[in-house]
Structures are given as C-alpha cells and as structure tokens.
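> all I have is the shape, not the residue letters:
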C-alpha cells in the first residue's frame with residue numbers, strides 16, 4: 001500500500017506534470033502529507049495488521065488534506081477501506097488507486113470522494129450508485145480493470161462519465177456487466193483525448209458519441225471484432241490521429257464485417273495481429289483502406305500456428321483499392337516468421353505505397369526460412385517508391 005506526500009513527486013500521466021512539492025520547513029511552510037511506503041506480499045499477518053493499523057493512525061491523527069492514496073489489498077484486509085474512504089473524502093482526496101482480490105465488493109463510500117481527479121479501480125465489484133450521487137465533476141482520469149458492474153450496469157458508467165466534463169483519459173479493461181442481457185449505453189465525453197477499451201466479450205453494449213476531442217484510441221477485442229456492432233463502434237473513433245488495434249482468437253466460421261467509415265485524421269496505426277487466419281488480414285486491409293492519410297503503420301505479428309488461410313497476391317490485390325496507402329511513409333513489422341502470408345503482404349506494400357521511404361523488419365524466435373533467403377527474396381520485390389529502404393533489425397527484442 002502506498003500514499004504520497006507533498007515532499008515527494010506526485011503521480012501523473014506525463015513526466016512534465018511531476019513537480020516537487022515543498023517539504024516541511026520549505027519557504028511556504030505548508031504541512032506535509034502522509035508518507036509513502038510499499039508493503040511486500042510476503043509480510044506476515046501480524047506485520048500487515050500493524051501496518052494497516054499505522055494507516056488508521058495516520059488518517060485519524062493527520063489533520064491536513066490527502067492528495068493521493070494507493071492501496072493493494074487482499075480481501076482479508078480490505079474491510080478497512082470503507083472507513084478509510086470516509087476519512088479520505090473529508091480530506092479532499094484527489095488521486096485514488098485501489099486494487100483488491102478479484103470479486104471484492106467495493107463500498108459505496110467511494111462515491112463520496114467528490115474531489116477526485118483520478119480514479120483507478122482493479123479487481124472489484126462496483127456497487128449501485130447511491131441516491132443523490134453527484135458524480136466526480138473534477139475527474140480527469142478513470143481506469144477500471146477487471147471490474148464487475150451490476151446487472152444493466154452500463155448506466156453506472158454513464159452516470160459517472162457524463163457528469164465529468166473534464167475527463168481526458170478513460171480505460172476500460174475487461175469490465176464485466178452482469179446479467180444475460182446487455183443493454184446499450186453511451187460514452188459521452190467531449191473533452192476525452194485518450195480511450196483504452198479491452199474486452200473478451202462479444203458485445204459490451206457501448207456506443208461512442210460526441211468524442212470530439214479524442215486523439216488516441218487503443219482497443220483490444222476478440223469475438224467483438226466480427227460482431228455486427230464492431231463497425232459501428234469504430235465509427236465513433238474516426239476523429240483520432242493515433243489508433244491501436246489488438247486482435248485475439250477469432251472463430252474461423254465468423255464473418256468479418258466491412259468497415260465503411262473513414263479515418264481522415266489518422267496518421268499512425270498500430271496493429272497486433274496474426275497472419276495465419278483470414279480475418280486479421282482482412283481487418284488490416286480494411287483499416288488501410290479507411291485511412292487515406294495514414295503515414296505510419298506498425299505491425300506486431302504473433303503467428304504461433306500453421307497457416308489456415310493463404311493470403312496470396314491475388315487475394316490481397318482483390319482487397320486493394322485506388323488511393324490506399326497514398327501517404328504511407330513508414331512501416332514497421334516485428335515478430336514475423338517469414339511465412340508466405342507475411343511475405344505476400346510485404347510485397348503488396350512495397351509495390352503499392354508510392355511515398356514509402358522506410359520498411360523495417362524484425363523476426364520472432366521461430367522462422368520458416370533463413371534470414372538470408374528471406375532478405376534475398378525481399379530485394380527482388382518491385383518497389384513503387386524509389387526512396388523505399390528495407391531495414392533488417394534482426395530478432396525482435398520486446399517480443400511477447
């Protein structure tokens with residue numbers, strides 16, 4: 001568990017926001033906040049009790065405001081959090097980061113912390129909103145990881161997000177809405193600049209509206225990629241300049257919906273895909289077709305199985321359209337195996353991208369041909385750009 005003092009660097013999303021606050025005895029003479037400490041998971045039960053008791057003492061005796069409070073609690077000791085939250089709400093807590101053992105029932109006292117600017121909740125169940133809930137009017141960052149919502153719980157997120165006009169960052173990772181039926185709910189956040197959405201479910205019911213300030217989106221889906229609502233979900237992201245899409249396992253029998261929206265502002269696209277199936281390859285081509293002003297493409301490939309579908313030149317050219325990759329300048333491919341589908345895609349990009357100047361490639365642990373043979377083949381491919389250079393980076397260093 002940790003909390004932050006005024007004499008230590010406060011947590012922030014960007015390094016520029018980490019500014020040192022005066023310690024006791026500094027020129028302005030302000031009182032310091034509680035100090036920070038980290039308790040290892042290997043502590044004995046008695047030691048943990050002493051330390052949680054120390055937190056009680058600090059919160060009860062310390063009369064000043066508390067800017068930041070972080071705790072990583074197993075469920076056996078999480079019962080204290082209700083009292084802590086009541087005290088923290090009176091102390092004007094601004095940054096709250098709570099992690100629990102999976103399934104912990106978070107007390108509704110968390111909603112009394114109305115001064116929050118950043119809220120992170122992990123591995124817990126969010127209760128029903130209390131009567132008279134007035135949201136978090138100063139909230140700028142909201143992160144929910146492995147969080148469970150009540151049945152028809154989309155409304156809970158609507159009631160938290162809608163009245164938070166300053167919200168700039170929203171991350172929803174494996175958020176489970178209980179119940180057999182998921183009703184539609186809307187994310188409205190006119191000041192939102194970054195969205196992270198990850199889900200293993202076929203449809204979480206979310207609808208994106210009025211995200212006029214959105215510049216960056218990171219999405220990671222599995223079966224939702226082939227859901228009829230996926231294309232509609234993407235249409236809510238057309239204003240972004242940076243887009244990251246990660247795909248998981250997609251059933252071979254599923255039908256890939258065509259993407260009809262256009263990402264006119266998109267400059268950088270990162271895809272984490274596998275090229276041994278048809279759907280991820282089609283998704284890649286659909287996104288390239290929908291981004292006429294794309295300048296940078298990054299592909300992280302994790303092919304771990306034998307080819308199920310052959311995406312040869314004839315197949316890829318059939319999906320190509322005039323104007324695709326007209327402004328593409330940089331392509332980075334990591335984790336490739338020199339498989340036929342990967343080689344065909346590289347050949348396609350080299351032959352079509354007229355403004356390409358750099359194609360960098362790094363391979364995975366396992367390859368199906370020698371690097372020398374693969375590079376000799378790449379050098380034989382026709383290039384639409386006379387400035388296109390192929391840079392071989394060796395083995396991918398940060399591969400999964």
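All right, it came through fine. None of these values were measured; they are calculated from a predicted model.

> what about the protein, any weak spots by pLDDT?
Scanning the chain for pLDDT under 70 picks out 1-52, 75-78, 202, 226, 249, 251-254, 303-305, 398-400.

> can you give me the helices for it?
Ranges of helices in the chain, per DSSP state H, are 45-61, 81-90, 154-161, 230-235, 278-289, 313-319, 340-352, 371-380.

> tell me which of these lies nearest to residue 142.
Among the helices of the chain, the nearest to residue 142 by CB to CB is helix 154-161 (7.1 Å). Every C-beta, even on glycine, is put in place using the N, C-alpha and C of the backbone.

> what about the helices of the chain, which gets the closest to residue 329?
Closest among the helices of the chain, using CB to CB: helix 340-352, at 11.5 Å.

> surely residue 105 and residue 127 touch.
Yes. The pair residue 105 and residue 127 qualifies as a contact (CB atoms under 8 Å) at a distance of 6.8 Å.

> pick out whichever of those two has more residues nearby.
residue 127 (16 against 13; other CB atoms under 10 Å).

> now that one: phi and psi?
phi -80, psi 170 (degrees, to the nearest 10).

> which residue, other than its chain neighbours, is closest to it?
residue 108 (4.7 Å; CB to CB, 6 or more residues apart in numbering).

> next, the contact list for the one you found, please.
127-130 (CB atoms under 8 Å, 6 or more residues apart in numbering).

> before we move on, what about residue 208?
By CB under 8 Å, 6+ apart, the neighbours of residue 208 are 186-187, 233, 235-237.

> closest to residue 260 out of those residues?
Distances from residue 260 to these, taken by CB to CB, are shortest for residue 235, at 7.9 Å.

> excluding its backbone neighbours, what's nearest that closest one?
Using CB to CB, 6+ apart, the closest residue to residue 235 is residue 261 (4.2 Å).

> that neighbour touches residue 289, doesn't it?
No. Counting by CB under 8 Å, residue 261 stays clear of residue 289, with 10.8 Å between them.

> okay, the two: which has more neighbours?
residue 289 (18 against 13).

> which residues of the stretch 51-200 of the chain fall in strands?
Under the criterion DSSP state E, counting those that start in this stretch, the stretch 51-200 of the chain contains strands at 68-72, 95-105, 118-125, 141-149, 169-173, 176-177, 185-188, 194-199.

> who does the longest one touch, helix- and strand-wise?
Secondary structure elements in contact with strand 95-105, counted by 3 or more CB pairs under 8 Å, 6 or more residues apart in numbering; DSSP states H and E, are strand 68-72, strand 118-125.

> how about a cut-off of 10 Å?
Contacts defined by 3 or more CB pairs under 10 Å, 6 or more residues apart in numbering; DSSP states H and E place strand 95-105 against strand 2-4, strand 68-72, helix 81-90, strand 118-125, strand 141-149.

> that one pairs with which strands?
Strand 95-105 has the following strand partners under DSSP bridges: strand 68-72 (parallel), strand 118-125 (parallel).

> between helix 81-90 and the shortest one, find me the angle.
So that's strand 68-72. 170 degrees (axes from the mean of the first three to the mean of the last three CA atoms, to 10 degrees).

> ok now strand 68-72, how far from the chain's centre?
21 Å (CA atoms, centre = their mean, to the nearest Å).

> got the buried residues for that strand?
68-72 (16 or more other CB atoms under 10 Å).

> just those now: which is nearest residue 368?
The closest of those, once distances to residue 368 are taken by CB to CB, is residue 72, at 43.5 Å.

> report how many residues lie close to the closest residue to the closest one other than its chain neighbours.
Leaving out its chain neighbours, the residue that sits closest to residue 72 by CB to CB, 6+ apart is residue 99, at 4.4 Å. By other CB under 10 Å, 19 other residues sit near residue 99.

> verify the stated contact: residue 99 with residue 106.
No. Here residue 99 does not reach residue 106: they are 11.2 Å apart, not a contact under CB atoms under 10 Å.
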